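Undergrad: Here is a sequence together with a model predicted from it:
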Amino acid sequence: MITAGIDMGSRTIKVVLVEDAAVEGAPQLKYAVRKTHIMMPGDLDADQAAEKAYDEALAAAGLQRDQVTSVFATGAGRKQVAFATEGITEMTAGAKGAHFMFPQARTVVDVGAEEGRGMKTDAEGRAVDFAGNEKCAAGAGSFAEAMSRALQMTLKEFGDASLLSDKTIPMNAQCTVFAESEVVSLIHSATPKNDIAKAVLDAVASRVCAMVRRVGIEGEVVLIGGMVHNAGFVQSLKTAMGVDSISLPDMPEYISAPGCALTAAERQH
């Protein structure tokens, strides 16, 4: 049995095909990820982009549509996937995908470009509680991206620069617009860029941590989403959460897509 998961994000579409590798009568299901595919929507409408991304993923895997038994969609644009069997929340998909990669995960932190959230999961990878900041960018990657532009640095340079600082500079603004004013003030006061970068990422991490604490921090902590690639943010988050380590998947943007496909497979069974 092959199922598909589609994560319709604000900037990219992720498609993952999962093959059910369960042995008849086995007490637990086991799965193998067949293929992954990513495509920028470009000039296409969201529904057209979803169709194109799915067809290209199937072609790369050597499959036809009728060989896929179920297609689940998640993400901000999941309702645009007209051919999906069902749509599920980002929390459900993210928790399941993180559990697939890290079976001991109980706390999942998802920080992407537009939003951040914290989730508590059970031993089966189900999200049992969550908290998010879906109406504010201050706890998400776009906040850090805006501040890096103010310093005329790439987001990677911004993250790497923060690791070179040991200063703690509090940022009180809760809004990207006001925070940018704080950054400008720091620049005018000749504050080193390394210290400003750390201050910004500490602020983002603090807000994310506050969300996660609402659901509780326990067990293995896993970070998913695009901010996994920002080493400075990862360090700031570890400090804010008071943990020694945070598990990081190799392809953090893809976690919700396999979570979708795995959820589809479980419901088929």
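TA: In hand now; what should we look at?
Undergrad: show me where the protein has helices.
TA: Under the criterion DSSP state H, the chain contains helices at 46-61, 90-101, 141-150, 155-162, 176-188, 193-215, 231-241, 256-268.
Undergrad: ok and the first one relative to helix 256-268, angle-wise?
TA: Read that as helix 46-61. Counting by axes from the mean of the first three to the mean of the last three CA atoms, to 10 degrees, helix 46-61 lies at 80 degrees to helix 256-268.
Undergrad: Mean neighbour count and mean pLDDT added to the helices of the chain, as TSV?
TA: C-betas here are computed from N, CA, C, even on glycine. Below are those laid out as TSV (neighbours: other CB atoms under 10 Å; pLDDT from 0 to 100):
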stretch	mean neighbour count	mean pLDDT
helix 46-61	18	88
helix 90-101	26	93
helix 141-150	20	82
helix 155-162	20	92
helix 176-188	15	77
helix 193-215	22	91
helix 231-241	21	94
helix 256-268	25	90
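Undergrad: can you pull the pLDDT of the residue positioned nearest the centre of the chain?
TA: Central residue check for the chain by CA atoms, centre = their mean: the C-alpha nearest the mean position is that of residue 225, 2.2 Å away. The model reports residue 225 with a pLDDT of 88.
Undergrad: what number of residues lie near the residue nearest to it when sequence neighbours are not counted?
TA: In this structure, residue 225 finds its nearest non-sequential neighbour in residue 112, 4.1 Å apart by CB to CB, 6 or more residues apart in numbering. Neighbourhood size, residue 112 [other CB atoms under 10 Å]: 26.
Undergrad: Touching, residue 112 and residue 141? I think so.
TA: Yes. The criterion here is CB atoms under 8 Å, and residue 112 meets it with residue 141 at 5.9 Å.
Undergrad: okay, and the common contacts of the two?
TA: Residues within reach of residue 112 and of residue 141 at once, by CB atoms under 8 Å, 6 or more residues apart in numbering, are 225, 226, 227.
Undergrad: could you dump stretch 256-268 to CSV, C-alpha only?
TA: C-alpha atoms of stretch 256-268 as CSV (Å, rounded to 0.1, in the frame of the first residue of the first chain):
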residue,chain,number,x,y,z
SER,A,256,4.8,17.3,8.0
ALA,A,257,4.5,15.7,4.6
PRO,A,258,5.5,12.1,5.7
GLY,A,259,3.4,12.8,8.8
CYS,A,260,0.4,13.2,6.4
ALA,A,261,1.3,10.0,4.5
LEU,A,262,1.8,8.0,7.7
THR,A,263,-1.5,9.2,9.1
ALA,A,264,-3.2,8.2,5.9
ALA,A,265,-1.7,4.7,6.1
GLU,A,266,-2.7,4.2,9.7
ARG,A,267,-6.3,5.2,8.9
GLN,A,268,-6.3,2.8,6.0
